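Asks: Fold the following, please.
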Amino acid sequence: MDYKKFFDRFDDQNGFIKTISPPTIDGVQKAALNRKGNVLFNTGDIEGARRIFLTTGYSDGLVRVGDYYKSKGRDLDALRMYWIAPDHIKSEPIIMRLSAVIKNLIHEEGDNPNE
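Replies: Just a heads-up that it's a prediction; the model follows:
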């Protein structure tokens with residue numbers, strides 16, 4: 001099976017593919033990539049920076065990307081970045097809001113006898 005062709009169809013969905021182990025990056029490479037990610041972030045290429053920060057596991061960069069998403073109203077994307085970082089202080093309020101929404105939806109569905 002041509003795995004590259006199979007997974008290429010998901011490129012536009014910004015999804016995650018779980019791998020068994022993170023890529024091996026030595027400290028010098030990681031530092032250089034993080035600097036490149038910071039430059040991309042500061043020049044407005046948030047998605048390019050996000051890809052680098054995900055690759056290196058740079059938690060401060062992931063949190064900054066999460067903050068950017070949150071400022072744009074993209075709470076689920078922000079939560080994803082905070083969760084990976086991990087930053088529980090920033091992820092917890094989003095989780096609580098989502099939990100309240102789900103709770104209300106379940107409650108409303110139970111109140112509707114026509115369904």
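Asks: what about the lengthiest helix in the chain, distance to the chain center?
Replies: Counting by DSSP state H, the longest helix found in the chain is helix 88-111. Computed by C-alpha atoms, centre = their mean, to the nearest Å, the chain-centroid distance of helix 88-111 equals 19 Å.
Asks: Could I get the buried residue list for it?
Replies: Within helix 88-111, the residues that count as buried by 16 or more other C-beta atoms under 10 Å are 90-91, 94. C-beta coordinates here come from the backbone N, C-alpha and C atoms, glycine included.
Asks: If we ignore the residues flanking it in sequence, what's nearest G37?
Replies: Spatially, and ignoring its direct neighbours in sequence, G37 is nearest to I52 (3.6 Å; C-beta to C-beta, 6 or more residues apart in numbering).
Asks: Now G73. Its backbone dihedrals?
Replies: phi 80, psi 20 (degrees, to the nearest 10).
Asks: cool, A78 as well?
Replies: The phi/psi pair for A78 (degrees, to the nearest 10) reads phi -60, psi -50.
Asks: Let me see the confidence value for it.
Replies: pLDDT for A78: 96.
Asks: That one: what's it in contact with?
Replies: Contact analysis of A78 by C-beta atoms under 8 Å, 6 or more residues apart in numbering lists 66-67, 69-70, 90, 94.
Asks: hang on, the earlier thing: looking at it, the residue nearest to G37 is touching L62, isn't it?
Replies: No: with contact defined as C-beta atoms under 8 Å, I52 does not reach L62; the gap is 10.2 Å.
Asks: Spit out the residues that contact the two alike.
Replies: Listed as contacting both I52 and L62 by C-beta under 8 Å, 6+ apart is no residue at all.
Asks: Pipe the buried residues of helix 88-111 into TSV and attach distance to T43 and pLDDT per row.
Replies: Output for the buried residues of helix 88-111, formatted as TSV (distance: C-beta to C-beta, whole Å; pLDDT from 0 to 100):
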residue	distance to T43	pLDDT
K90	24	96
S91	27	95
I94	27	95
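Asks: Same list (those residues) but as TSV, adding distance to R80.
Replies: As requested, the buried residues of helix 88-111 are arranged in TSV below (distance: C-beta to C-beta, whole Å):
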residue	distance to R80
K90	12
S91	9
I94	10
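Asks: Fine by me, thanks again.
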